[in-house]
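Engineer: need coordinates for the below:
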Amino acid sequence: MFELLSFSFFQHALLAALLVSLACGIIGSLIMINRLFSLAGGITHAAFGGIGIAVYFALPILLSTSIFTLILAFFIAFLSEKFPHRSDSVIAVIWAFGMAFGLILIDLSPGYQGDLMAYLFGSILAVSSEDLYLMIGIDLAFIALVFCFYTQFEALSFDAEFAKVRGVRTRLVHYLLIAMICFCIVISIRVVGLILVIALLSIPCFIAEAFSKKLGEMMIYSCVLSGLFCFLGLFISSIFNLSSGACIILVACFGFFIFISMKNIAKIFKKQA
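Structural biologist: Numbering: from 1, shown residues only. Coordinates of the predicted model:
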């Protein structure tokens with residue numbers, strides 16, 4: 001197993017797993033406490049339209065997906081403000097539009113599109129040096145933004161109305177968070193793919209929340225758990241020649257079920273005591 005570490009592609013995969021875990025731990029925590037998983041799910045699937053544009057016009061996929069996803073995400077946020085009681089419907093429409101638009105463009109594109117599975121379900125072993133530089137840049141931006149706006153993010157998450165009264169520009173912070181969600185999804189495409197990324201954003205944070213008293217603690221625990229799931233899933237996929245993205249998510253789900261089981265067992269013993 002350890003001879004895998006001598007290969008450069010596996011070293012790239014481990015570094016990508018670490019970088020994506022850091023991003024998902026930070027952004028996933030903010031998504032959870034702001035109850036934005038529905039929005040994140042819509043953005044994730046709508047991002048497929050950006051992949052379709054990249055394939056049809058022969059553009060860099062991550063760049064095309066980033067721009068397209070950001071535009072749609074801001075559009076969702078704008079419509080959700082206009083129709084606050086129908087935000088789920090807005091998300092569903094944009095979700096469907098992105099997927100359908102991407103599929104149509106791919107159908108119209110000449111040639112074989114075999115690499116699309118890698119963007120839907122992940123291909124961490126195919127991570128390039130350029131992908132790693134992008135991940136490093138986005139991670140550094142996330143860390144800097146959280147460091148600078150931690151108080152604002154915390155205020156927005158726990159009491160947006162009170163934060164607005166105290167002078168926090170909640171609308172600006174909300175749109176900043178949405179932009180961060182978009183870029184987190186984009187850099188996660190290579191690791192677990194668009195279909196599975198929402199699980200990597202949610203499962204570690206769900207577990208970490210039980211052991212955290214502060215938002216910062218939750219982010220740290222989520223990053224550690226995400227990294228653990230990614231590393232274990234990556235080694236399992238390499239040993240048994242399985243899909244890396246699927247293995248990572250299955251390991252995360254297994255950890256989720258263990259956590260739920262242990263929590264329920266602890267409750268039973270507590271009642272009996």
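Engineer: next, the contact list for residue 175, please.
Structural biologist: Contact analysis of residue 175 by C-beta atoms under 8 Å, 6 or more residues apart in numbering lists 74, 77. For glycine as for every other residue, the C-beta is placed from the backbone atoms N, C-alpha and C.
Engineer: distance check, it against residue 149.
Structural biologist: Distance, residue 175 to residue 149, by C-beta to C-beta, to the nearest Å: 12 Å.
Engineer: one more: residue 200?
Structural biologist: 23 Å.
Engineer: those two: which has the busier surroundings?
Structural biologist: Between residue 200 and residue 149, counting by other C-beta atoms under 10 Å, residue 200 is the more crowded of the two (30 against 17).
Engineer: lowest-pLDDT helix or strand in the chain?
Structural biologist: helix 160-165 (a mean of 70; mean pLDDT, DSSP states H and E).
Engineer: the longest helix in the protein is where?
Structural biologist: The longest helix of the chain (DSSP state H) is helix 170-209.
Engineer: residue 202 contacts residue 28, doesn't it?
Structural biologist: Yes - the criterion here is C-beta atoms under 8 Å, and residue 202 meets it with residue 28 at 6.4 Å.
Engineer: compare the two and say which is more crowded by neighbours.
Structural biologist: residue 28 (31 against 20).
Engineer: phi and psi next, for the more buried one.
Structural biologist: phi -60, psi -40 (degrees, to the nearest 10).
Engineer: residue 35 too?
Structural biologist: phi 50, psi 50.
Engineer: what's in contact with stretch 68-85?
Structural biologist: Contacts for stretch 68-85 (C-beta under 8 Å, 6+ apart): 39, 42-43, 46-47, 49-50, 53, 87, 89-91, 94, 97-98, 174-175, 178-179, 181-183, 185-186.
Engineer: show the buried residues in these.
Structural biologist: 39, 42-43, 46-47, 49-50, 53, 87, 90-91, 94, 97-98, 174, 178-179, 181-183, 185-186 (16 or more other C-beta atoms under 10 Å).
Engineer: so what's the closest residue to residue 251 other than its chain neighbours up against?
Structural biologist: Distance criterion C-beta to C-beta, 6 or more residues apart in numbering; nearest residue to residue 251, sequence neighbours excluded, is residue 233 at 4.3 Å. For residue 233, the contact set (C-beta under 8 Å, 6+ apart) comprises 244, 247, 248, 249, 250, 251, 252.
Engineer: out of these, which comes closest to residue 223?
Structural biologist: Taking C-beta to C-beta as the measure, residue 223 sits nearest to residue 252 out of the contacts of residue 233, at 13.5 Å.
Engineer: which pLDDT value belongs to the closest one?
Structural biologist: Listed pLDDT for residue 252 reads 94.
Engineer: looking at it, residue 18 is touching residue 227, isn't it?
Structural biologist: Yes - counting by C-beta under 8 Å, residue 227 is a contact partner of residue 18 at 5.9 Å.
Engineer: and those two? Which one has more around it.
Structural biologist: residue 227 (20 against 16).
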